[in-house]
Each structure stands twice: as C-alpha cells, then as structure tokens.
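A.B. asks: no sequence on this one, just coordinates:
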C-alpha cells in the first residue's frame with residue numbers, strides 16, 4: 001500500500017510529553033529519541049520514523065541498564 005505524504009496524514013510519534021533529555025545518554029527520558037531526531041521528526045520520511053520507532057524499546061532497555069549514549073541521527 002503506498003504511503004500518503006499529504007498534510008492531512010497524521011505523523012506517528014513516540015512522544016509521551018515527558019520531554020527531558022538525560023545528560024548521560026543524550027536521550028529523551030520520555031520517548032528515547034535524540035535531540036536531533038526530535039528536531040527532524042516532522043521532515044523524516046514515514047519509513048525513517050518507523051525504523052526509529054522500532055529501535056526505541058531497545059534504547060529504553062539499554063539506557064536503563066547501561067547509561068550509554070546513542071549517537072548519530074539518521075538522515076531524512
């Protein structure tokens with residue numbers, strides 16, 4: 001099924017309105033995205049947003065156990 005890209009198509013977002021960046025991981029404590037990902041979210045392709053959203057559960061688990069930073073935001 002083709003992806004719609006018009007302005008009436010809602011953008012999926014993992015935001016839960018807990019917008020605080022963890023200084024140790026560089027991830028939002030609410031959604032586990034980086035600042036770059038948050039800033040670029042509206043211009044990412046739907047495929048890129050889906051890929052990032054698929055990575056978020058692992059980031060949440062990883063940041064809770066390891067406290068490591070995630071680097072390198074994907075391009076649009």
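C.D. replies: Thanks, I have it. Note that the structure is a prediction, hence the values are computed from the model and not measured. Numbering: from 1, shown residues only.
A.B. asks: distance of residue 46 from residue 35?
C.D. replies: Separation of residue 46 from residue 35 (Cβ to Cβ, to the nearest Å): 21 Å. All C-beta spots, glycine's among them, are computed from the backbone N, C-alpha and C.
A.B. asks: correction: the previous question concerned residue 45.
C.D. replies: As judged by Cβ to Cβ, residue 45 and residue 35 stand 19 Å apart.
A.B. asks: repeat for residue 18
C.D. replies: Distance, residue 18 to residue 35, by Cβ to Cβ: 15 Å.
A.B. asks: more neighbours: which of those two?
C.D. replies: Legend: neighbour count by other Cβ atoms under 10 Å for residue 18 and residue 35, higher for residue 35 (12 against 9).
A.B. asks: per-residue pLDDT of the more buried one, please?
C.D. replies: If you check residue 35, the pLDDT there is 96.
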